[in-house]
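Q: dropping a prediction and its sequence here:
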Amino acid sequence: MQIRTEIFKDAAGIRLVHQAAFGQRTEADLVEALREDEASLPHYSRVAVTDKGEIVGHVLLSRIYIEDIPSLALAPVGVKPHWQRKGIGSELIRQVIEEAREAGESHIVVLGHDSYYPQFGFERAVDYGIEAPFPVPVDFFLIMPLERQALKGIRGIVRYSKPFSTV
Ligand SMILES: CC(C)(COP(=O)(O)OP(=O)(O)OC[C@H]1O[C@@H](n2cnc3c(N)ncnc32)[C@H](O)[C@@H]1OP(=O)(O)O)[C@@H](O)C(=O)NCCC(=O)NCCS
């Protein structure tokens with residue numbers, strides 16, 4: 001199993017990952033809509049590839065804002081069902097977080113399960129005074145500062161890029 005940056009020819013395999021992981025087309029459509037959306041750049045995108053060349057996992061970070069402060073959304077992350085619970089999702093997430101930190105990004109927002117994401121450093125966004133632009137349980141709307149003081153003085157509503165509201 002290799003985890004690496006997405007390349008052009010991975011697109012079809014990434015689509016299959018999300019369709020299988022989520023059992024619907026929405027997340028695969030979101031990835032494709034984000035690829036077309038310059039306002040959501042930069043993207044940090046990594047895939048998990050088997051020895052036979054099959055893409056079995058994918059994670060994407062893309063540009064969003066907290067009020068007018070640049071941040072990143074972690075969405076989607078998926079692993080094909082047969083390959084789940086082997087540590088692939090966690091490794092994809094850890095690597096993409098590290099890539100974003102090295103690129104000088106400041107924080108990452110995720111709408112996700114509070115039993116899964118805290119292990120990577122995600123905390124409740126509401127505790128920083130940061131809120132989702134839609135109704136969501138506060139325990140599931142999470143943020144991770146990439147440096148110690150990265151969220152100092154930042155509060156407000158998260159603004160997602162257009163593809164999140166159109167797919
Ligand atoms: C969530 C997901 C990406 C995790 O990938 P993975 O490779 O299975 O994860 P790992 O093997 O690194 O970690 C497994 C742990 O994650 C947790 N976990 C996995 N899926 C979970 C889920 N849907 N909800 C809560 N926790 C979950 C479990 O605690 C599991 O630990 P356990 O096996 O000891 O119970 C994968 O399960 C998946 O694609 N799920 C469907 C799509 C999805 O829900 N994506 C996340 C929302 S964007």
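A: Everything's here; your move. Residues are numbered from 1 along each chain as shown.
Q: what does stretch 103-118 contact?
A: When contacts are defined by Cβ atoms under 8 Å, 6 or more residues apart in numbering, stretch 103-118 is touched by residues 42, 44, 61, 64, 66, 69-75, 97, 100, 122, 124-125, 130, 132, 136, 139-147, 150-151, 154, 158. (Glycine included, C-beta is placed from N, CA and C.)
Q: and stretch 153-166, by the same measure?
A: Counting by Cβ under 8 Å, 6+ apart, 30, 33-34, 36-37, 39-40, 62-67, 69, 71, 73, 75, 107, 109, 125, 128-133 sit against stretch 153-166.
Q: in ChimeraX, select just the buried ones from those.
A: Buried residues within the contacts of stretch 153-166, by 16 or more other Cβ atoms under 10 Å, are selected in ChimeraX with:
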select :30,33,34,37,40,62,63,64,65,66,69,71,73,75,107,109,125,128,130,131,132
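Q: now narrow the contacts of stretch 153-166 to whatever sits close to the ligand.
A: residue 75 (Cβ under 6 Å from any ligand atom).
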